[in-house]
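Enquirer: what's the 3D shape of this:
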Amino acid sequence: MKPDDRNLDAPIYYDPAYELLEPDEKEVEAGLIAALKEISETTFKHSGHAMRSVHAKSHGLLRGELEVLGGLPATLAHGVFARPGIYPLVMRLSTTPGDMLDDKVSTPRGMAIKLVGVSG
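Expert: This next block holds a predicted model:
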């Protein structure tokens with residue numbers, strides 16, 4: 001089944017006017033900064049190495065390709081998806097904590113994708 005424009009909502013393009021600051025946003029931001037700094041300092045004390053505050057432990061790096069097919073509905077054909085093409089990619093798999101936990105400890109996992117050769 002091929003999607004068509006009738007079944008898809010048009011994306012909303014970014015505009016600074018859409019951002020609404022919450023009344024406590026500055027306090028929340030300060031709390032996040034303090035928490036991430038504390039995680040980094042604690043991890044450094046335990047390991048002797050500076051590490052990311054989150055997603056510190058890699059479980060693998062993968063190489064692959066992303067193929068963008070032609071014929072996408074206009075509502076989806078934007079940015080990297082505007083034209084058909086094949087893009088090399090690197091994918092990193094990680095755990096979410098900042099400290100180096102044993103792999104037997106159950107935690108959520110993370111995934112990051114870097115497309116190579118994308119202009120703009």
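
Enquirer: what does the pLDDT read for the closest residue to Ile12 other than its chain neighbours?
Expert: Of all residues not flanking Ile12 in the chain, Tyr18 sits nearest, at 7.3 Å (Cβ to Cβ, 6 or more residues apart in numbering). For every residue, glycine as well, the C-beta is placed using N, CA and C. On pLDDT, Tyr18 comes in at 87.

Enquirer: relative to Met100, how far out is Tyr18?
Expert: Taking Cβ to Cβ, to the nearest Å as the measure, Tyr18 falls 39 Å from Met100.

Enquirer: could you do Pro73 as well?
Expert: For Pro73, the distance to Met100 (Cβ to Cβ) stands at 45 Å.

Enquirer: show me the helices in this structure, by range?
Expert: Remark: helices assigned in the chain by DSSP state H are 25-47.

Enquirer: low-confidence ranges in this protein?
Expert: Within the chain, the stretches with pLDDT under 70 are 1-8, 99, 120.

Enquirer: what domains does the record give for it?
Expert: 15-52, 54-120 (automatic domain parsing).

Enquirer: figure out which of those domains is closest to Asp9.
Expert: Distance to Asp9, taken as Cβ to Cβ, is lowest for domain 54-120 among the domains of the chain, at 7.1 Å.

Enquirer: ok, what's across the strand from Arg63?
Expert: Note on Arg63: beta-bridge partners by DSSP bridges are Val90.

Enquirer: okay, the domains of the chain in CSV with distance to Asp9 and mean neighbour count next?
Expert: Formatted as CSV, these follow (distance: least, Cβ to Cβ, whole Å; neighbours: other Cβ atoms under 10 Å):
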stretch, distance to Asp9, mean neighbour count
domain 15-52, 15, 11
domain 54-120, 7, 12
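
Enquirer: quick check, central residue of the protein?
Expert: For the chain, the residue nearest the mean C-alpha position is Ala112 (5.3 Å; Cα atoms, centre = their mean).

Enquirer: distance of the residue nearest to that residue when sequence neighbours are not counted from Ala10?
Expert: Nearest residue to Ala112, sequence neighbours excluded (Cβ to Cβ, 6+ apart): Arg92, at 4.7 Å. Distance from Arg92 to Ala10, counting by Cβ to Cβ: 32 Å.
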